[in-house]
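> A predicted structure for the sequence below; I have some questions about it.
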Amino acid sequence: MFQEYYTPPSSAPEKPQQTEKVPPEKIIALQQRVWSAHMKIQNIVHILGTLSSETLADLYTQQLELDKELVNRYIHRGSVLYDPNLFDSVNISEEESVIAKFERTIEALTQKSYRVAGSGGNVDARADELHRMHRFDNKKTSLETKKTKIKEAVFEHNSAMVGIASIPSKDHPNHNEDRIAQIAPDIYVVLDGMGGHDGGEIASESALRVIKKTMKNELLSKKYPDIEDVKNTVRSAIMSADGWICAYNQSQMERREKDAQERGELLSENDKKKLRIGTTVTLAVIHTTINGTKTIVTGSVGDSTAALYENGSINCLTVEDNQTLAWADGNREKASLIQTLLANSENLEIFTQKIKDNKINLNDEQLKNTFIKGHLLTQSLGHGSDNGHVIPDIRTHTLKGNEQLLLFTDGVHESGARLTLSEMEEILKKYGNPQKASEALCTDAEKITGGDRGKNDDASAMLVRLFT
């Protein structure tokens with residue numbers, strides 16, 4: 001079915017040797033075309049997913065397959081358009097030709113989808129309809145229901161194996177912008193929303209719904225998914241959620257600008273900034289092979305964390321998308337080490353000594369900025385670092401057989417704030433029950449007041465026993 005729309009070459013032609021460097025603006029232009037194509041697919045996929053008919057379901061599947069092909073070729077850290085080490089090998093003419101073919105196919109499918117759906121309007125109008133369908137309904141949801149909902153898993157979990165806890169910030173005790181859940185067996189997610197009154201809740205709740213739906217349609221429907229299927233679906237779920245939030249932000253911006261123009265006013269840049277919502281996300285999937293080998297696949301954007309707890313020690317699997325990563329020149333291993341040192345440093349003096357002990361070259365100003373501003377995010381869903389869209393960090397780790405999975409938001413721990421990793425390890429050693437351990441992580445984090453570590457924030461944690 002998909003082959004009639006786009007058939008990738010059976011073997012990629014050899015690229016001619018290039019003697020000159022490819023101009024950066026040409027790379028950026030290609031990236032922007034890829035992102036534009038991806039976002040167009042995402043918009044129509046989300047719309048089709050809310051409608052019901054066999055023909056639309058068929059078109060929905062075709063769009064997903066096309067998007068998967070686009071993502072596999074271009075939208076990941078090792079692709080030719082995103083790995084700086086490969087830029088010189090880019091054959092501009094060839095890539096322009098392939099991208100143009102994607103664009104033509106996407107346009108044809110999109111037009112066919114709208115003819116079948118009988119939308120009677122353009123993409124933005126249909127996107128607005130989708131946003132209204134998914135918006136968190138404050139009028140129909142009581143405050144008590146909200147508070148209960150955020151503490152429960154979406155999937156009916158075994159509390160002896162999975163502990164989940166979430167506490168709202170003291171700054172807004174009546175609502176919680178975090179979402180943390182087991183959305184299916186071996187699928188876990190944590191999100192930390194941000195943006196205006198109820199904006200954080202809209203972002204994290206909507207992203208959770210998109211991720212849950214994507215995992216169901218693209219992974220849980222497969223009988224024997226392999227590790228590449230898992231990685232691709234994790235990436236697709238995160239980027240679909242990002243696409244939804246970006247479309248929502250654009251829709252809200254256009255609506256508010258129109259209202260302002262009718263009043264003879266202009267929205268300031270500060271007003272526009274306040275309208276944008278966003279959320280962090282960390283998604284973890286446990287893949288089990290026929291012979292019983294378990295591999296954990298994580299996908300992350302922002303500073304919510306996935307870690308493994310083993311033999312009394314916490315090993316972070318994800319790296320925070322923050323200024324520390326930027327100051328490490330994008331080197332995630334170096335950034336991970338710096339973030340770990342920062343996580344266990346209660347003040348600048350201790351952090352400085354740890355940096356020197358590990359022979360990391362940072363001057364006094366860099367040390368100070370890392371300690372004070374290292375937590376500032378460089379990307380989150382709806383606030384991408386690359387042409388306005390995110391690139392999730394996808395990682396795999398083979399499990400040995402005695403680890404526990406730990407997910408948490410920055411209200412429990414982030415570089416330089418709240419609980420240190422050492423303090424978290426002591427809590428986990430104290431409580432053998434996952435539920436009690438998760439609750440203790442949140443309540444102990446909330447007890448910290450004053451100083452750099454005492455910021456008010458929603459705190460969420462999940463501890464999962466992966467082996468019986």
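Here it is on my side, so go on.

> ok, how many other residues are close to the closest residue to Asn232 other than its chain neighbours?
Leaving aside its chain neighbours, Asn232 sits nearest to Lys68 (6.3 Å; criterion: C-beta to C-beta, 6 or more residues apart in numbering). For every residue, glycine as well, the C-beta is placed using N, CA and C. Neighbour count of Lys68, defined by other C-beta atoms under 10 Å: 17.

> what does Thr288 give?
11.

> Kindly report the same for Cys442.
Count around Cys442 with other C-beta under 10 Å applied: 24.

> Same question for the helix or strand where it lies: list its buried residues.
In the assignment (DSSP states H and E), Cys442 maps to helix 434-447. For helix 434-447, the buried set under the neighbour-count rule, 16 or more other C-beta atoms under 10 Å, comprises Pro434, Gln435, Lys436, Ala437, Ser438, Glu439, Ala440, Leu441, Cys442, Asp444, Ala445, Glu446.

> What's the per-residue pLDDT of the residue nearest to Asn232 here?
Lys68 carries a pLDDT value of 80.

> same question, Gly382
pLDDT at Gly382 comes out at 89.

> can you give me phi and psi for it?
phi 90, psi -10 (degrees, to the nearest 10).

> can you pull the contacts of it?
Gly195, Ala203, Asp242, Ile245, Cys246, Tyr248, Asn249, Arg276, Ile277, Gly278, Thr279 (C-beta atoms under 8 Å, 6 or more residues apart in numbering).

> picking that back up, the following helix or strand past the helix holding Cys442 versus helix 434-447: what angle between them?
The element immediately downstream of helix 434-447 (helix or strand, assigned by DSSP H and E) is strand 459-465. Per axes from the mean of the first three to the mean of the last three C-alpha atoms, to 10 degrees, the angle that strand 459-465 makes with helix 434-447 is 150 degrees.

> tell me what strand 459-465 is packed against?
strand 162-167, strand 178-184, strand 187-194, strand 404-408, helix 434-447 (3 or more C-beta pairs under 8 Å, 6 or more residues apart in numbering; DSSP states H and E).

> Please work out the average pLDDT along it.
Per-residue scores along strand 459-465 average to 94.

> cool, and stretch 116-127?
So the average pLDDT for stretch 116-127 ends up being 47.

> quick one: the helix or strand hosting Tyr248 to strand 187-194, angle?
In this structure, Tyr248 sits in helix 227-262 according to DSSP H and E. Relative orientation of helix 227-262 versus strand 187-194 (the same axes, to 10 degrees): 20 degrees.

> so after helix 227-262, what's the next helix or strand?
Past helix 227-262, the next helix or strand by DSSP H and E is helix 269-275.

> quick one on the thing from earlier: of all the contacts of Gly382, which two lie farthest apart?
Gly195 and Asp242 (14.0 Å; C-beta to C-beta).

> before we move on, back to that, put the alpha carbons of the helix holding Cys442 into CSV.
The C-alpha trace of helix 434-447 is given here as CSV (Å, rounded to 0.1, in the frame of the first residue of the first chain):
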residue,chain,number,x,y,z
PRO,A,434,8.1,1.0,45.3
GLN,A,435,5.0,3.0,46.3
LYS,A,436,6.5,4.1,49.6
ALA,A,437,9.8,4.9,48.0
SER,A,438,8.2,7.0,45.3
GLU,A,439,6.1,9.0,47.8
ALA,A,440,9.2,9.6,50.0
LEU,A,441,11.2,11.0,47.1
CYS,A,442,8.5,13.5,46.4
THR,A,443,7.7,14.5,50.0
ASP,A,444,11.4,14.8,51.0
ALA,A,445,12.1,16.9,48.0
GLU,A,446,9.2,19.2,48.9
LYS,A,447,10.7,19.6,52.5
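
> so what does it touch, helix or strand wise?
strand 162-167, helix 421-430, strand 459-465.

> which one of those is the most hemmed in?
strand 459-465 (a mean of 27; mean count of other C-beta atoms under 10 Å).

> Paired strands for that one, with orientation please.
Using DSSP bridges, the strands paired with strand 459-465 are strand 162-167 (antiparallel), strand 404-408 (antiparallel).

> Which of these comes out lowest on mean pLDDT?
strand 162-167 (a mean of 92).

> between that strand and strand 178-184, how big is the angle?
With the same axes, to 10 degrees applied, the angle from strand 162-167 to strand 178-184 works out at 160 degrees.

> so how far is Asp271 from the residue lying closest to Leu266 once chain neighbours are set aside?
What sits nearest to Leu266 in space, not counting adjacent residues and going by C-beta to C-beta, 6+ apart, is Ala260, at 6.2 Å. To Asp271, Ala260 is 8 Å away according to C-beta to C-beta, to the nearest Å.

> do the same with Gln63
In terms of C-beta to C-beta, Gln63 sits 34 Å off from Asp271.

> So for those two, which sits in the more crowded spot?
Set Gln63 next to Asp271 and count neighbours by other C-beta under 10 Å: Gln63 wins out with 27 against 14.

> What helix or strand is the more buried one located in?
Judged by DSSP H and E, Gln63 forms part of helix 54-74.

> Would you mind listing the buried residues in that helix?
56, 59-60, 62-64, 66-71, 73-74.

> For Ile338, state which of the buried residues of helix 434-447 is nearest.
For the buried residues of helix 434-447, the nearest to Ile338 is Ala445 (21.7 Å; C-beta to C-beta).

> Give me the domain ranges for the chain.
Domain ranges of the chain: 2-126, 143-322+375-465, per automatic domain parsing.

> will you turn these into JSON lines that also has distance to Thr340?
Below are the domains of the chain laid out as JSON lines (distance: least, C-beta to C-beta, whole Å):
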{"stretch": "domain 2-126", "distance to Thr340": "21"}
{"stretch": "domain 143-322+375-465", "distance to Thr340": "7"}
